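>>> Let's see this in three dimensions:
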Amino acid sequence: MIAGLSKFITLYLSPALSLTALLLSLFAYLAPTVLLHDRVALLTVTPSLSLTSSSSQSVDGPTVFLGALGSCSRPNIAAPVSCITPSLSPVYDLSDLPANAPDLLSAPTATTPAFIAISLGFSIMFFILFTLTSFRHKLGARMEANLDKVAIQRVVAWMGLFGFMIGLTSFLVIRMWFGKAVEDFNTTISKEGGSAPALVANTSNGFIMVYVAYAFYAVPLVAALAKLHVTSGGK
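Residues are numbered from 1 along each chain as shown. Model prediction:
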């Protein structure tokens, strides 16, 4: 039973988790400017009275969705969402926010989205190579022999490790950047009281997707490192 479970995790579950992690990371990186415009973002500014009064009444107003590559916005709930052109160094379009809204929302440095793009490149190569090595027994004796080489296993492990470390570190940098922006934005709104616009900023579901993605990513990465250890004879 243990042998069967181990085979299932190595051959089927790990490649599936690797693909899922890759897709979640891509969605979190490309949203909201490229896809999922009003569904996924790293930071959102929404209409709310929670910071300016004790009322729980809903209020209509502008909404802004910020991501690593740009922003989308709408002037009210019924209006269509408009997005800027994706860029590694975006300038967020905050024109739908009222003039007295705090001007504290800016994009991280261009190197951070660029490093995420590099990590995704490593992750794509890791997924392809890891899947090939997992199913090497179905690719013929010659291909199986080539994929069993220590050099190939080492490349797979390094690809996975680079993708994991660069991507996770870059997303954590953005999380700290946006976390500080949210804190400053909401503090300014609260201090202005009743004269402040009815807005509240929050980090959004894009970061949840990132956390899930890298939790999934860890499984095939550990499997790849274990394969390398076994293939190299523990050296």
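
>>> how far does the helix or strand hosting Asp184 sit from the chain's center?
Per DSSP states H and E, Asp184 falls inside helix 150-192. How far helix 150-192 lies from its chain's middle: 8 Å, per Cα atoms, centre = their mean, to the nearest Å.

>>> Would you mind getting the angle between the following helix or strand past it and helix 150-192?
Using DSSP H and E, the helix or strand that follows helix 150-192 in sequence is strand 199-203. Angle of strand 199-203 versus helix 150-192, following axes from the mean of the first three to the mean of the last three Cα atoms, to 10 degrees, is 160 degrees.

>>> helices and strands around the helix or strand just after strand 199-203, which ones?
As assigned by DSSP H and E, the chain's next helix or strand after strand 199-203 is helix 205-231. Contacts defined by 3 or more Cβ pairs under 8 Å, 6 or more residues apart in numbering; DSSP states H and E place helix 205-231 against helix 14-30, helix 111-134, helix 150-192. For every residue, glycine as well, the C-beta is placed using N, CA and C.

>>> For Ile208, find the nearest of the ones you listed.
helix 14-30 (8.7 Å; Cβ to Cβ).

>>> who's in contact with that closest one?
If you take Cβ atoms under 8 Å, 6 or more residues apart in numbering as the criterion, helix 14-30 is touched by 35-36, 40, 42, 67-69, 86, 113, 116-117, 119-120, 123-124, 126-127, 130-131, 134-135, 167, 171, 206-207, 209-210, 212-214, 216-217, 219-220, 223.

>>> Have a look at the chain and report the helix or strand with the lowest mean pLDDT.
Lowest on mean pLDDT, DSSP states H and E among the helices and strands of the chain sits helix 2-8, with a mean of 58.

>>> which of the contacts of helix 14-30 count as buried?
36, 40, 42, 67-69, 86, 113, 116-117, 119-120, 123, 126-127, 130-131, 134, 167, 171, 206-207, 209-210, 213-214, 216-217, 219-220, 223 (16 or more other Cβ atoms under 10 Å).

>>> Tell me which residues of stretch 73-88 come out buried.
Ser73, Arg74, Cys83, Pro86, Leu88.

>>> sorry, that was for stretch 103-116
Leu104, Leu105, Ala107, Pro108, Thr112, Pro113, Phe115, Ile116.

>>> Show me how far that stretch is from its chain's centre.
On Cα atoms, centre = their mean, the centre of stretch 103-116 falls 13 Å from that of its chain.

>>> Need the contact partners of it.
29, 43, 45, 64, 66, 68-70, 88-92, 94, 166-167, 169-171, 173-174, 177-178, 181, 184-185, 188, 201.

>>> let's go with 6 Å and repeat that
By Cβ atoms under 6 Å, 6 or more residues apart in numbering, the list of residues contacting stretch 103-116 from outside reads 29, 68, 88-90, 92, 166, 170, 173-174, 177, 181, 184-185.

>>> What of stretch 52-64?
So stretch 52-64 is contacted by 45-47, 49, 73-77, 96-97, 194, 196, 198 (Cβ under 6 Å, 6+ apart).

>>> and the residues you listed as TSV, adding secondary structure and distance to Ala141?
Output for the contacts of stretch 52-64, formatted as TSV (DSSP: H, G, I helix; E, B strand; the rest coil; distance: Cβ to Cβ, whole Å):
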residue	secondary structure	distance to Ala141
Val45	strand	59
Thr46	strand	59
Pro47	strand	64
Leu49	coil	69
Ser73	strand	57
Arg74	strand	58
Pro75	coil	64
Asn76	coil	64
Ile77	coil	61
Asp96	coil	62
Leu97	coil	63
Gly194	helix	77
Ala196	coil	71
Ala198	coil	68
